[in-house]
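*Asks:* Quick one, what's the 3D model for this:
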Amino acid sequence: MSVRPRPAALTALILLGTLVARPVAAHVDYVTDDTGDPIDAVRFTLDVLAEPINAAVFAVAGLAAVAGLAVYLWVRPTITDVVVLREKLAGYADLVPWMLRLAIGLPLVGAGFQGYLFAPTLAFDTGASPFLRVLFIGLGFFTLFGLATRLVATVGLLTYAWVLLAVAPGVVIAMEYVPVLVALAILGGGRPSADDMLLAVASTPGSYYGRIDPVHRLKSSLDAVVGPLRRYVPTVLRVGMGVTFVYLGLIEKLADPGRALLVVEKYDLTSVVPVDPGLWVVGAGVTEIAVGLALIAGFFTRGAAALSFVLFTTTLFGLPDDPVLAHVALFGMASAVFTLGSGPLSFDRLVGRPALDNETVLAAD
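*Replies:* Residues are numbered from 1 along each chain as shown. Got it, this is the predicted structure:
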(Lines give C-alpha, C1' and ligand atoms only; values in the text may rest on other atoms or scores of the structure.)
Protein backbone atom coordinates (compact mmCIF):
# COMPACT_ATOMS: atom_id res chain seq x y z
CA MET A 1 0.00 0.00 0.00
CA SER A 2 1.45 3.38 -1.02
CA VAL A 3 1.75 6.12 1.52
CA ARG A 4 0.39 9.49 0.55
CA PRO A 5 1.40 12.65 2.37
CA ARG A 6 -1.23 14.37 4.42
CA PRO A 7 -2.10 17.86 3.11
CA ALA A 8 -1.90 19.28 6.63
CA ALA A 9 1.64 17.95 7.09
CA LEU A 10 2.84 19.36 3.78
CA THR A 11 1.22 22.71 4.56
CA ALA A 12 2.92 22.81 7.96
CA LEU A 13 6.31 22.11 6.40
CA ILE A 14 5.84 24.86 3.82
CA LEU A 15 4.77 27.36 6.46
CA LEU A 16 7.70 26.40 8.69
CA GLY A 17 10.17 26.93 5.88
CA THR A 18 8.55 30.24 4.95
CA LEU A 19 8.60 31.56 8.52
CA VAL A 20 12.19 30.54 9.17
CA ALA A 21 13.36 32.17 5.94
CA ARG A 22 10.86 34.97 5.49
CA PRO A 23 13.46 37.70 4.85
CA VAL A 24 15.48 35.23 2.81
CA ALA A 25 14.85 36.68 -0.63
CA ALA A 26 15.41 40.29 0.34
CA HIS A 27 18.43 42.13 -0.97
CA VAL A 28 19.65 43.63 2.28
CA ASP A 29 21.26 46.57 0.45
CA TYR A 30 17.87 47.52 -1.00
CA VAL A 31 16.15 48.05 2.35
CA THR A 32 18.93 49.39 4.61
CA ASP A 33 21.05 52.52 4.38
CA ASP A 34 23.30 51.79 7.35
CA THR A 35 26.00 49.12 7.32
CA GLY A 36 25.30 48.19 10.95
CA ASP A 37 27.83 47.45 13.65
CA PRO A 38 30.89 45.46 12.56
CA ILE A 39 30.40 41.87 13.72
CA ASP A 40 32.64 38.85 13.32
CA ALA A 41 30.50 36.62 11.10
CA VAL A 42 31.86 33.26 12.24
CA ARG A 43 31.70 34.17 15.93
CA PHE A 44 28.17 35.53 15.48
CA THR A 45 26.91 32.28 13.91
CA LEU A 46 28.57 30.12 16.54
CA ASP A 47 27.18 32.25 19.37
CA VAL A 48 23.66 32.11 17.94
CA LEU A 49 23.72 28.33 17.58
CA ALA A 50 25.33 27.91 21.01
CA GLU A 51 22.07 29.04 22.62
CA PRO A 52 20.12 25.85 23.47
CA ILE A 53 16.75 27.22 22.33
CA ASN A 54 18.19 28.50 19.05
CA ALA A 55 19.95 25.22 18.43
CA ALA A 56 16.74 23.27 19.13
CA VAL A 57 14.64 25.43 16.76
CA PHE A 58 17.31 25.24 14.07
CA ALA A 59 17.62 21.46 14.42
CA VAL A 60 13.85 20.87 14.39
CA ALA A 61 13.41 23.03 11.28
CA GLY A 62 16.25 21.22 9.52
CA LEU A 63 14.98 17.77 10.43
CA ALA A 64 11.46 18.70 9.35
CA ALA A 65 12.74 19.84 5.96
CA VAL A 66 14.80 16.68 5.46
CA ALA A 67 11.92 14.47 6.57
CA GLY A 68 9.53 16.26 4.24
CA LEU A 69 11.85 15.75 1.28
CA ALA A 70 12.35 12.10 2.17
CA VAL A 71 8.61 11.45 2.36
CA TYR A 72 8.03 13.25 -0.93
CA LEU A 73 10.78 11.36 -2.77
CA TRP A 74 9.39 8.09 -1.39
CA VAL A 75 5.80 8.64 -2.53
CA ARG A 76 6.44 10.86 -5.57
CA PRO A 77 5.91 8.17 -8.22
CA THR A 78 2.39 7.53 -6.91
CA ILE A 79 1.20 11.15 -6.90
CA THR A 80 -0.95 11.59 -10.01
CA ASP A 81 -1.20 15.33 -9.45
CA VAL A 82 2.57 15.76 -9.84
CA VAL A 83 2.66 13.71 -13.04
CA VAL A 84 -0.18 15.73 -14.59
CA LEU A 85 1.41 19.00 -13.51
CA ARG A 86 4.77 18.11 -15.07
CA GLU A 87 3.10 17.09 -18.33
CA LYS A 88 1.16 20.35 -18.42
CA LEU A 89 4.24 22.43 -17.72
CA ALA A 90 6.02 20.75 -20.63
CA GLY A 91 3.48 22.38 -22.93
CA TYR A 92 4.47 25.84 -21.69
CA ALA A 93 8.17 25.49 -22.57
CA ASP A 94 7.88 27.47 -25.82
CA LEU A 95 6.57 30.45 -23.82
CA VAL A 96 9.69 30.67 -21.64
CA PRO A 97 11.41 33.31 -23.84
CA TRP A 98 8.33 35.50 -23.41
CA MET A 99 8.47 35.01 -19.61
CA LEU A 100 12.14 35.96 -19.54
CA ARG A 101 11.63 39.02 -21.76
CA LEU A 102 8.97 40.35 -19.43
CA ALA A 103 11.13 39.52 -16.41
CA ILE A 104 14.03 41.78 -17.43
CA GLY A 105 12.35 44.13 -19.90
CA LEU A 106 10.30 45.90 -17.25
CA PRO A 107 13.21 46.31 -14.78
CA LEU A 108 15.48 47.64 -17.54
CA VAL A 109 12.91 50.27 -18.51
CA GLY A 110 12.55 51.16 -14.84
CA ALA A 111 16.33 51.40 -14.46
CA GLY A 112 16.50 53.82 -17.37
CA PHE A 113 13.71 56.10 -16.17
CA GLN A 114 14.78 56.05 -12.50
CA GLY A 115 18.48 56.27 -13.31
CA TYR A 116 20.31 53.22 -11.96
CA LEU A 117 22.65 50.54 -13.32
CA PHE A 118 20.73 47.25 -13.03
CA ALA A 119 20.53 47.51 -9.21
CA PRO A 120 18.61 50.34 -7.44
CA THR A 121 21.63 50.94 -5.22
CA LEU A 122 23.75 52.01 -8.22
CA ALA A 123 22.16 55.31 -9.18
CA PHE A 124 23.47 57.62 -11.89
CA ASP A 125 22.59 61.20 -12.79
CA THR A 126 20.13 60.97 -15.70
CA GLY A 127 20.86 64.57 -16.64
CA ALA A 128 24.62 64.06 -16.76
CA SER A 129 24.35 60.63 -18.39
CA PRO A 130 21.55 60.78 -20.98
CA PHE A 131 23.20 58.01 -22.99
CA LEU A 132 22.88 55.54 -20.13
CA ARG A 133 19.24 56.46 -19.68
CA VAL A 134 18.48 55.93 -23.37
CA LEU A 135 20.53 52.71 -23.38
CA PHE A 136 18.61 51.09 -20.52
CA ILE A 137 15.21 52.26 -21.75
CA GLY A 138 16.06 51.04 -25.25
CA LEU A 139 17.26 47.66 -23.98
CA GLY A 140 14.08 47.32 -21.94
CA PHE A 141 11.62 48.20 -24.70
CA PHE A 142 13.39 46.13 -27.36
CA THR A 143 13.39 43.19 -24.96
CA LEU A 144 9.70 43.62 -24.15
CA PHE A 145 8.78 43.80 -27.83
CA GLY A 146 11.06 40.88 -28.69
CA LEU A 147 12.74 42.87 -31.45
CA ALA A 148 16.31 41.86 -32.38
CA THR A 149 16.23 39.83 -29.18
CA ARG A 150 19.56 38.04 -29.52
CA LEU A 151 21.39 41.25 -30.43
CA VAL A 152 19.76 43.13 -27.55
CA ALA A 153 20.62 40.32 -25.11
CA THR A 154 24.24 40.43 -26.24
CA VAL A 155 24.37 44.21 -25.78
CA GLY A 156 22.81 43.76 -22.34
CA LEU A 157 25.49 41.24 -21.35
CA LEU A 158 28.26 43.53 -22.57
CA THR A 159 26.72 46.44 -20.64
CA TYR A 160 26.56 44.36 -17.46
CA ALA A 161 30.19 43.28 -17.93
CA TRP A 162 31.24 46.92 -18.44
CA VAL A 163 29.46 48.03 -15.25
CA LEU A 164 30.92 45.10 -13.28
CA LEU A 165 34.51 45.51 -14.45
CA ALA A 166 34.84 49.26 -14.97
CA VAL A 167 32.15 51.15 -13.07
CA ALA A 168 30.61 49.44 -10.05
CA PRO A 169 31.55 45.89 -8.97
CA GLY A 170 28.57 46.09 -6.62
CA VAL A 171 26.34 45.33 -9.61
CA VAL A 172 26.99 41.69 -8.71
CA ILE A 173 23.99 42.09 -6.42
CA ALA A 174 21.86 42.04 -9.60
CA MET A 175 23.57 38.98 -11.07
CA GLU A 176 20.19 37.46 -11.98
CA TYR A 177 20.29 39.46 -15.22
CA VAL A 178 23.18 37.38 -16.52
CA PRO A 179 21.54 33.92 -16.82
CA VAL A 180 18.36 35.49 -18.22
CA LEU A 181 20.29 37.41 -20.88
CA VAL A 182 22.34 34.32 -21.75
CA ALA A 183 19.13 32.31 -22.13
CA LEU A 184 17.61 34.95 -24.41
CA ALA A 185 20.79 35.09 -26.49
CA ILE A 186 20.35 31.36 -27.09
CA LEU A 187 16.57 31.16 -27.45
CA GLY A 188 15.78 34.40 -29.22
CA GLY A 189 12.46 36.18 -28.79
CA GLY A 190 10.22 33.13 -29.04
CA ARG A 191 6.55 33.86 -29.32
CA PRO A 192 4.75 36.17 -29.11
CA SER A 193 7.44 38.59 -30.28
CA ALA A 194 8.19 41.13 -32.99
CA ASP A 195 10.97 38.85 -34.24
CA ASP A 196 8.49 36.01 -34.77
CA MET A 197 5.99 38.21 -36.61
CA LEU A 198 8.57 39.92 -38.80
CA LEU A 199 10.17 36.58 -39.66
CA ALA A 200 6.81 35.25 -40.84
CA VAL A 201 6.31 38.31 -43.06
CA ALA A 202 9.88 38.41 -44.37
CA SER A 203 9.87 34.69 -45.20
CA THR A 204 6.69 34.84 -47.27
CA PRO A 205 7.33 34.74 -51.06
CA GLY A 206 6.41 38.04 -52.69
CA SER A 207 6.58 39.96 -49.41
CA TYR A 208 7.47 43.62 -49.87
CA TYR A 209 8.91 43.74 -46.37
CA GLY A 210 11.10 40.73 -47.11
CA ARG A 211 12.75 42.64 -49.96
CA ILE A 212 13.97 45.44 -47.70
CA ASP A 213 14.69 43.48 -44.53
CA PRO A 214 16.62 40.29 -45.23
CA VAL A 215 17.99 40.29 -41.66
CA HIS A 216 15.03 38.43 -40.19
CA ARG A 217 15.40 35.74 -42.83
CA LEU A 218 18.81 35.02 -41.33
CA LYS A 219 17.13 34.02 -38.07
CA SER A 220 16.66 30.48 -39.33
CA SER A 221 20.40 30.15 -39.93
CA LEU A 222 21.16 31.54 -36.49
CA ASP A 223 18.63 29.15 -34.94
CA ALA A 224 20.53 26.27 -36.51
CA VAL A 225 23.83 27.53 -35.06
CA VAL A 226 22.56 27.86 -31.48
CA GLY A 227 20.20 24.89 -31.75
CA PRO A 228 22.47 22.43 -29.88
CA LEU A 229 22.68 24.89 -26.96
CA ARG A 230 18.94 25.25 -26.45
CA ARG A 231 18.62 22.09 -24.38
CA TYR A 232 21.02 23.59 -21.83
CA VAL A 233 18.88 26.67 -21.18
CA PRO A 234 17.17 25.03 -18.16
CA THR A 235 20.63 24.34 -16.74
CA VAL A 236 21.77 27.95 -17.30
CA LEU A 237 18.69 29.36 -15.57
CA ARG A 238 18.76 26.83 -12.74
CA VAL A 239 22.46 27.32 -11.93
CA GLY A 240 22.20 31.10 -12.34
CA MET A 241 19.32 31.27 -9.91
CA GLY A 242 21.13 28.96 -7.49
CA VAL A 243 24.28 31.08 -7.50
CA THR A 244 22.14 34.17 -6.83
CA PHE A 245 20.57 32.50 -3.80
CA VAL A 246 23.92 31.35 -2.43
CA TYR A 247 25.28 34.89 -2.80
CA LEU A 248 22.30 36.40 -0.98
CA GLY A 249 22.51 33.88 1.84
CA LEU A 250 26.27 33.77 2.28
CA ILE A 251 27.44 37.30 1.46
CA GLU A 252 24.42 39.42 2.43
CA LYS A 253 23.27 37.44 5.45
CA LEU A 254 25.88 35.22 7.11
CA ALA A 255 28.92 37.28 6.13
CA ASP A 256 27.27 40.60 7.06
CA PRO A 257 25.12 39.84 10.13
CA GLY A 258 25.22 43.42 11.38
CA ARG A 259 23.33 44.70 8.40
CA ALA A 260 21.00 41.71 8.33
CA LEU A 261 20.10 42.38 11.98
CA LEU A 262 19.06 45.89 10.95
CA VAL A 263 16.48 44.34 8.64
CA VAL A 264 15.13 42.19 11.49
CA GLU A 265 14.92 45.27 13.73
CA LYS A 266 13.50 47.59 11.07
CA TYR A 267 10.56 45.31 10.26
CA ASP A 268 10.16 43.94 13.81
CA LEU A 269 10.39 40.38 12.50
CA THR A 270 10.68 38.99 16.01
CA SER A 271 7.06 39.99 16.60
CA VAL A 272 6.05 37.77 13.68
CA VAL A 273 7.92 34.75 15.06
CA PRO A 274 9.24 35.34 18.60
CA VAL A 275 12.75 33.97 18.25
CA ASP A 276 16.18 35.44 18.78
CA PRO A 277 17.05 38.06 16.10
CA GLY A 278 20.28 36.22 15.43
CA LEU A 279 18.31 33.09 14.61
CA TRP A 280 16.39 35.03 11.97
CA VAL A 281 19.66 35.99 10.30
CA VAL A 282 21.29 32.56 10.54
CA GLY A 283 18.09 30.77 9.55
CA ALA A 284 17.57 33.05 6.55
CA GLY A 285 21.16 32.68 5.37
CA VAL A 286 21.31 28.90 5.77
CA THR A 287 17.92 28.39 4.11
CA GLU A 288 18.87 30.59 1.19
CA ILE A 289 22.15 28.76 0.72
CA ALA A 290 20.38 25.39 0.92
CA VAL A 291 17.85 26.42 -1.75
CA GLY A 292 20.67 27.76 -3.91
CA LEU A 293 22.73 24.59 -3.64
CA ALA A 294 19.65 22.48 -4.46
CA LEU A 295 19.12 24.54 -7.62
CA ILE A 296 22.77 24.37 -8.62
CA ALA A 297 22.78 20.59 -8.18
CA GLY A 298 19.41 20.25 -9.87
CA PHE A 299 17.97 18.48 -6.85
CA PHE A 300 14.21 18.75 -6.31
CA THR A 301 14.38 21.55 -8.88
CA ARG A 302 10.74 22.41 -9.33
CA GLY A 303 10.17 22.22 -5.58
CA ALA A 304 13.07 24.61 -4.98
CA ALA A 305 11.75 26.99 -7.65
CA ALA A 306 8.26 26.90 -6.11
CA LEU A 307 9.70 27.61 -2.65
CA SER A 308 11.69 30.49 -4.13
CA PHE A 309 8.54 31.98 -5.60
CA VAL A 310 6.79 31.77 -2.21
CA LEU A 311 9.74 33.41 -0.48
CA PHE A 312 9.86 36.26 -3.02
CA THR A 313 6.15 36.87 -2.57
CA THR A 314 6.21 36.90 1.24
CA THR A 315 9.25 39.17 1.15
CA LEU A 316 7.48 41.75 -0.99
CA PHE A 317 4.47 41.74 1.35
CA GLY A 318 6.60 41.65 4.49
CA LEU A 319 9.12 44.32 3.41
CA PRO A 320 6.91 47.06 1.92
CA ASP A 321 9.77 49.35 0.85
CA ASP A 322 11.73 46.63 -0.93
CA PRO A 323 11.76 47.80 -4.60
CA VAL A 324 9.42 45.56 -6.59
CA LEU A 325 11.17 46.06 -9.94
CA ALA A 326 14.42 44.82 -8.43
CA HIS A 327 12.83 41.39 -7.92
CA VAL A 328 10.89 40.99 -11.17
CA ALA A 329 13.84 39.24 -12.84
CA LEU A 330 13.99 36.73 -9.98
CA PHE A 331 10.25 36.09 -10.24
CA GLY A 332 10.60 35.48 -13.98
CA MET A 333 13.60 33.20 -13.56
CA ALA A 334 11.81 31.19 -10.86
CA SER A 335 8.80 30.82 -13.17
CA ALA A 336 11.01 29.64 -16.02
CA VAL A 337 12.84 27.10 -13.84
CA PHE A 338 9.51 25.82 -12.50
CA THR A 339 8.26 25.43 -16.07
CA LEU A 340 11.36 23.76 -17.53
CA GLY A 341 12.51 21.66 -14.60
CA SER A 342 16.11 20.67 -14.01
CA GLY A 343 17.31 20.07 -17.56
CA PRO A 344 20.51 18.13 -18.25
CA LEU A 345 23.51 17.97 -15.92
CA SER A 346 21.33 17.65 -12.82
CA PHE A 347 20.84 15.33 -9.87
CA ASP A 348 17.16 14.94 -10.76
CA ARG A 349 18.13 13.55 -14.15
CA LEU A 350 20.93 11.44 -12.68
CA VAL A 351 18.58 9.56 -10.36
CA GLY A 352 16.28 8.75 -13.23
CA ARG A 353 13.49 11.30 -13.15
CA PRO A 354 12.07 11.01 -16.68
CA ALA A 355 12.75 13.74 -19.21
CA LEU A 356 9.72 15.66 -20.42
CA ASP A 357 9.01 17.19 -23.76
CA ASN A 358 10.17 20.66 -22.69
CA GLU A 359 13.73 19.99 -23.87
CA THR A 360 12.34 18.74 -27.17
CA VAL A 361 10.24 21.90 -27.54
CA LEU A 362 13.23 24.11 -26.74
CA ALA A 363 15.43 22.22 -29.18
CA ALA A 364 12.92 22.37 -32.01
CA ASP A 365 11.37 25.80 -31.47
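*Asks:* end-to-end on stretch 331-348?
*Replies:* 22 Å (Cα to Cα, to the nearest Å).
*Asks:* Any idea how many residues pack against residue 328?
*Replies:* The number of residues packed near residue 328 is 20, by other Cβ atoms under 10 Å. The C-beta positions use only the backbone N, C-alpha and C, and glycine is treated the same way.
*Asks:* Surely it and residue 109 touch.
*Replies:* No. Using Cβ atoms under 8 Å as the test, residue 328 is too far from residue 109 to be in contact (10.6 Å).
*Asks:* What is the least confident helix or strand in this structure?
*Replies:* Least confident helix or strand of the chain, by mean pLDDT, DSSP states H and E, is helix 7-20 with a mean of 38.
*Asks:* and residue 271, what is it in contact with?
*Replies:* Listed by Cβ atoms under 8 Å, 6 or more residues apart in numbering, residue 271 has no contact partners.
*Asks:* actually residue 236, not the one I wrote
*Replies:* Here residue 236 is in contact with 179, 182, 183, 186 (criterion: Cβ under 8 Å, 6+ apart).
*Asks:* Is it possible to get the residues you listed out as a markdown table so that each row also shows distance to residue 225?
*Replies:* Below are those laid out as a markdown table (distance: Cβ to Cβ, whole Å):
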| residue | distance to residue 225 |
| --- | --- |
| 179 | 20 |
| 182 | 15 |
| 183 | 16 |
| 186 | 10 |
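*Asks:* Out of those, list just those in helices.
*Replies:* Those of those mapping onto helices are 179, 182, 183, 186, per DSSP state H.
*Asks:* out of the residues you listed, who's nearest residue 224?
*Replies:* Proximity of these to residue 224 (Cβ to Cβ) peaks at residue 186, which lies at 12.7 Å.
*Asks:* Do I have it right that that closest one meets residue 228?
*Replies:* No. Under the criterion of Cβ under 8 Å, residue 186 makes no contact with residue 228, lying 9.9 Å away.
*Asks:* More neighbours: which of those two?
*Replies:* The residue with more neighbours, out of residue 186 and residue 228, is residue 186; 20 against 10, by other Cβ under 10 Å.
*Asks:* Name all residues that make contact with the more buried one.
*Replies:* Residue 186 neighbours (Cβ under 8 Å, 6+ apart): 226, 229, 230, 232, 233, 236.
*Asks:* Please narrow those to those residing in strands.
*Replies:* Residues of the contacts of residue 186 located in strands (DSSP state E): none.
*Asks:* Name the member of the residues you listed with the most neighbours.
*Replies:* residue 233 (27 neighbours).
*Asks:* Double-check that residue against residue 181; I have them as touching.
*Replies:* No. In this structure residue 233 lies outside contact range of residue 181 using Cβ under 8 Å: 12.0 Å.
*Asks:* and residue 327, backbone torsions?
*Replies:* phi -110, psi 0 (degrees, to the nearest 10).
*Asks:* Name the helix or strand for the closest residue in space to it that isn't next to it in sequence, please.
*Replies:* Nearest residue to residue 327, sequence neighbours excluded (Cβ to Cβ, 6 or more residues apart in numbering): residue 312, at 5.8 Å. Assigned by DSSP states H and E, residue 312 belongs to helix 301-318.
*Asks:* cool, residue 338 as well?
*Replies:* According to DSSP H and E, residue 338 maps onto helix 325-340.
*Asks:* relative to helix 301-318, how tilted is the biggest helix by length in the chain?
*Replies:* Looking across the chain with DSSP H, the single longest helix is helix 52-75. Computed by axes from the mean of the first three to the mean of the last three Cα atoms, to 10 degrees, the angle separating helix 52-75 from helix 301-318 equals 140 degrees.
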